[in-house]
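K.L.:
with the sequence up front, the predicted model follows.
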There are 2 protein chains.
Amino acid sequence: MSSPSPGTATPAPAPEVSDMLCFSIYAAGHAFTQLYRPLLDKLGLTYPQYLVMVTLWNRDGQNVKELGKTLFLDSSTLTPLLKRLDAAGLITRTRNPRDEREVLLRLTPAGQALKGEAAEIMRCVAAAVGQDGQTIDTLRAAIDTIRDRLHAQRKA
Amino acid sequence: MSSPSPGTATPAPAPEVSDMLCFSIYAAGHAFTQLYRPLLDKLGLTYPQYLVMVTLWNRDGQNVKELGKTLFLDSSTLTPLLKRLDAAGLITRTRNPRDEREVLLRLTPAGQALKGEAAEIMRCVAAAVGQDGQTIDTLRAAIDTIRDRLHAQRKA
DNA sequence: CTCGATTCAATTGAGCGCAAATCACAGGAG
DNA sequence: CTCCTGTGATTTGCGCTCAATTGAATCGAG
């Protein structure tokens, strides 16, 4: 008697992926990546590389650990990605003389210069999303709340 | 004079990743994957493999194209994934005798049997998300709307 | 029936993401 | 100073994701 529909002819609820919040987020993430691809191709960046650049544009000179904390990414993901940005001439990677364990990430002039181009991309994405700022902020807050709850679960 | 804040001391708005909806979705997606990992390890599945199984539990005997349409994934992603599910004894992959281009995907008894274990996982995930069904449905609808808009943009 | 276009799956190459193991450095206890 | 522990980054191995290409089968025009 624990079923919501009591007795007759409901063989199984049969959940579909389209009913699952995790799948909505999964699919929307891919859709964003594919939206960004042609826009970022002009800058020679991938979507995760772009997120790294946005973070560095806000605070230059952080180390890998701090960057990873902001993006929720592991150093084993970031190290090869940062090497590619380095090879592309957008950042430099130097050990901190005060603590040789840390690698400091600094934008090159070329890396700084890309910031100007990014504004145009943000406008394109906002247009593609096609929702007002209020709606987006509310949605974002709801998603972040869930993310934080999932991360908290991780420790428990 | 094109700046929104007219004259004084606003050097740059400096958008951060935490202000970007795309990043919220990106990070939440990873959080879900990490929540699922220990749960699915018991079944020997990865998260994308689990989504495939959920889809096949709902409709057995589809081909790769149809599966990809549901999950928004390409055959180049699915082919190796399906080979792993085949190697694990959860599905079979056979050419459609009516049209030899298609590969039909069918659950094995072992693949069917996993469906029972999945209910428990869904309960764990729902508990971790910790929101009522109404809230989740609203959130999911909003995300799906944006996803559809992004996909539509793709064609234009 | 033959030719050309289309469709479905598979393959290839590059990059992302994470767990686990490794290496180097820093800092404290003795 | 030496050992031990902890931390930051890298390496390795596996799987996912997609663009581009290939190969095989189907279908339609003539």
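P.N.:
Structure received.
K.L.:
when you work out contacts or count neighbours from here on, use the C-alpha atoms and nothing else.
P.N.:
Fine.
K.L.:
hey, where'd the helices end up in chain A?
P.N.:
Assigned by DSSP state H, chain A shows helices spanning A:21-41, A:47-58, A:64-71, A:75-87, A:109-129, A:133-155.
K.L.:
how far off centre is the third one?
P.N.:
The gap between where helix A:64-71 is centred and where its chain is centred comes out at 12 Å by C-alpha atoms, centre = their mean, to the nearest Å.
K.L.:
repeat that for the longest one.
P.N.:
When distances are taken as C-alpha atoms, centre = their mean, helix A:133-155 is centred 13 Å away from the chain's centroid.
K.L.:
try stretch A:30-42
P.N.:
On C-alpha atoms, centre = their mean, the centre of stretch A:30-42 falls 13 Å from the chain's centre.
K.L.:
swap in stretch A:107-127?
P.N.:
For stretch A:107-127 - counting by C-alpha atoms, centre = their mean - the centre lies 16 Å from the chain centre.
K.L.:
and chain A, which residues reach DNA strand D?
P.N.:
By C-alpha under 7 Å from any atom of the strand, the residues of chain A that approach DNA strand D are A:30-31, A:34, A:63-66, A:74-80, A:101-104.
K.L.:
coming back round to it: and B:G89, which of the helices of chain A is closest to it?
P.N.:
Among the helices of chain A, the nearest to B:G89 by C-alpha to C-alpha is helix A:21-41 (24.6 Å).
K.L.:
what are the contacting residues of the closest one?
P.N.:
In this structure, residues lying in contact with helix A:21-41 by C-alpha atoms under 8 Å, 6 or more residues apart in numbering or on different chains are A:17-18, A:46-47, A:50, A:121, A:125, B:22, B:25-26, B:28-29, B:32, B:51, B:71-72, B:136-137, B:139-140, B:143-144, B:146-147, B:150-151, B:153-154.
K.L.:
low-confidence ranges in chain A?
P.N.:
For chain A, applying pLDDT under 70 flags the ranges A:1-13, A:155-156.
K.L.:
now do 90
P.N.:
A:1-15, A:153-156 (pLDDT under 90).
K.L.:
what comes up buried for the longest strand seen in chain A?
P.N.:
In chain A, with assignment by DSSP state E, the single longest strand is strand A:99-107. Residues of strand A:99-107 classed as buried by neighbour count (16 or more other C-alpha atoms under 10 Å in any protein chain shown): A:102-107.
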